[in-house]
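> Attaching a predicted model along with its sequence, questions to come.
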Amino acid sequence: MSSSSGQPQFRYTQTPSKVLHLRNLPWECTEEELVELGKPFGKIVNTKRDVGANRNQAFVEFSDLNQAISMVSYYASSSEPAQVRGKTVYIQYSNRQEIVNNKSTGDIAGNVLLVTIEGVEAGDVSIDVIHLVFSAFGFVHKIATFEKAAGFQALIQFTDSETASAARNALDGRSIPRYLLPEHVNSCHLRISYSAHTDLNIKFQSHRSRDYTNPYLPVNPSAIEGTLQPAVGPDGKRKEPESNVLLASIENMQYAVTIDTIHTVFSAFGTVQKIAIFEKNVGMQALVQYPDVTTAAVAKEALEGHCIYDGGYCKLHLSYSRHTDLNVKAHSDKSRDYTIPDNSLPGLLTSPQVPGAPPAAPAWQSNPQAVSMFPGNVGPQTRPDGQMAAWDPNMRGGRSSFPPAPGAYPSQPYGPSSSMPMYPTSGAPPPPSYGGMQSNARPAGSPSVVGQPPMYY
DNA sequence: AGCACA
């Protein structure tokens, strides 16, 4: 099994922030010590201590970004590390832009309620039911739901604390009416306190979050948030830390591009773990997860600006996603998780999973899904019956093309000689190793047609 | 030695 192999990945290239993340702090490091540490570089206006499982991390926020930059820069080049009580302290930019002190005990009335729904699974209570229940007390602006150790929780934003208080007083300790819940739910007590939030930051309408004040907010197709637009830093430059997950935008989509197409294309560079596709305006986007950043970087470099099909069709644009591990259904029309065996497709050539066996071989050695989903030589014009050829394990290296969805081709814009898609070599194994930094060299057997002129543009 | 509340 190759479930997201490796350790959690940390980003070493970080966007500057006036908030710094400090770790390896001594036990019970005081706020004064933190302020003292930052004093040579600027004014620390906020801190948050006792962060992390060991409570030995902290955040400090400078009044100005440049002060934070100077501190990070100083210790990056200093021979003496930052220290507190003689203990080396490791300093990085935080991945947030400000410290939010959440020392609310839940008793200070605010316009946002924190609702814990006891005794239910997250899937039992829909966001629409929550909305219905709490709308009885006033306009619900936003809802965000999440699962924590405490259980299924929701943040519910009202206009003001008076409305929130009314809802809290009426509903705390009560239950959601049974008729609004699945039959198997027996008890459903609400425990309500106040959140320290005043305005929730909802990025997408999804099954877990809603913004009722903004009907134009994009709908998130599969709860994959925050990856659709590359983030833009304060200076307007794209900040795009490397990631093992690529975001592929497909432009000029004259032909149908399926998950299988994506899988075949990207498998040329390594094991594809997961894929999610979704529509974006008129085009299409895909998130493609590799086991590691290096593989993703190679694929990104090799594929950027190239076309899946000859003739400038289905041009790929790659960027790094902020995701590192996609949360997708194993086998739906919009997603695949190749890291878990798919038993729903009998006849699919899946290598037997022996307990304790070494992880699956790299994609170029054995990629059953990719190969099996691409029976060879099934081209748009090559099968008059329009049927997919049966999978033939011996059919390796043959040219194949992607059978388009019926009606996907409004016309045949070019002749047979040029109609060969670019990535049909499902059976032609790429070289055993792509480890060498061949930079611009396209790996043999990677998306290109054997015996055809190169079709990269 | 690795990020706070989704």
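Thanks, I have it.

> Once you drop chain neighbours, what's closest to A:S94?
Closest residue to A:S94 apart from its sequence neighbours, by C-beta to C-beta, 6 or more residues apart in numbering: A:V19 at 3.9 Å. Backbone N, C-alpha and C define where each C-beta goes, glycine included.

> same check, this time on A:V115
Once flanking residues are discounted, A:V115 sits nearest to A:A154: 4.6 Å by C-beta to C-beta, 6+ apart.

> Based on its surroundings, how many neighbours for the one you found?
Close neighbours of A:A154, defined as other C-beta atoms under 10 Å, add up to 23.

> how about it, secondary structure?
Following DSSP: H, G, I helix; E, B strand; the rest coil, A:A154 is assigned to strand.

> Quickly note the distance from it to A:V60.
32 Å (C-beta to C-beta, to the nearest Å).

> mind listing what's buried in whatever helix or strand A:A68 lives in?
If you go by DSSP states H and E, A:A68 is part of helix A:65-77. If you call a residue buried by 16 or more other C-beta atoms under 10 Å, then helix A:65-77 has these buried ones: A:65, A:67-69, A:71-72, A:75.

> averaged over its residues, what pLDDT does that helix have?
What helix A:65-77 shows for mean pLDDT is 96.

> Skipping adjacent residues, who's closest to the residue of the stretch 101-250 of chain A found nearest DNA strand B in space?
Across the stretch 101-250 of chain A, the shortest distance to DNA strand B (C-beta to the nearest atom of the strand) belongs to A:F146, at 2.7 Å. Take A:F146 and drop its neighbours on the chain: the residue closest to it by C-beta to C-beta, 6+ apart is A:Q153, 5.8 Å away.

> Now do that neighbour: how many residues are near it, please.
Using other C-beta under 10 Å: A:Q153 sits among 18 other residues.

> Okay, now the unreliable bits of the stretch 151-300 of chain A?
A:151, A:221-239, A:281-282 (pLDDT under 70).

> tell me which parts of chain A are close to DNA strand B?
Applying C-beta under 7 Å from any atom of the strand, we find that chain A lies next to DNA strand B at A:8, A:10-12, A:14, A:19, A:21, A:23-24, A:48, A:51-54, A:56-57, A:59, A:90, A:92-96, A:98-100, A:102, A:144-146, A:148, A:155, A:196-197, A:200-202, A:208-209.

> 6 Å - rerun?
Applying C-beta under 6 Å from any atom of the strand, one finds that chain A approaches DNA strand B through A:10, A:12, A:14, A:19, A:21, A:23-24, A:48, A:51-52, A:54, A:57, A:59, A:90, A:92, A:94-96, A:99-100, A:102, A:144, A:146, A:148, A:196-197, A:200-201.

> Now the buried members of those.
With neighbours counted by 16+ other C-beta under 10 Å, the residues of chain A next to DNA strand B contain buried members at A:19, A:21, A:24, A:48, A:57, A:59, A:92, A:94, A:99, A:144, A:197, A:200.

> For the fifth one, list each beta-bridge partner.
This means A:Q57. According to DSSP bridges, the residues that bridge with A:Q57 are A:V51.

> OK, contacts around it?
A:Q57 makes contact with A:21-25, A:51, according to C-beta atoms under 8 Å, 6 or more residues apart in numbering.

> From A:D124, how far out is it?
For A:Q57, the distance to A:D124 equals 35 Å [C-beta to C-beta].

> Could you do the third one as well?
Distance, A:N24 to A:D124, by C-beta to C-beta: 42 Å.

> just to revisit the earlier point, export the contacts of A:Q57 as TSV, with columns for pLDDT.
Listed next are the contacts of A:Q57 as TSV, based on pLDDT from 0 to 100:
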residue	pLDDT
A:H21	96
A:L22	97
A:R23	96
A:N24	96
A:L25	96
A:V51	93
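
> Format those residues as JSON lines; extra columns: secondary structure.
Below are these laid out as JSON lines (three-state DSSP):
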{"residue": "A:H21", "secondary structure": "strand"}
{"residue": "A:L22", "secondary structure": "strand"}
{"residue": "A:R23", "secondary structure": "strand"}
{"residue": "A:N24", "secondary structure": "coil"}
{"residue": "A:L25", "secondary structure": "coil"}
{"residue": "A:V51", "secondary structure": "strand"}
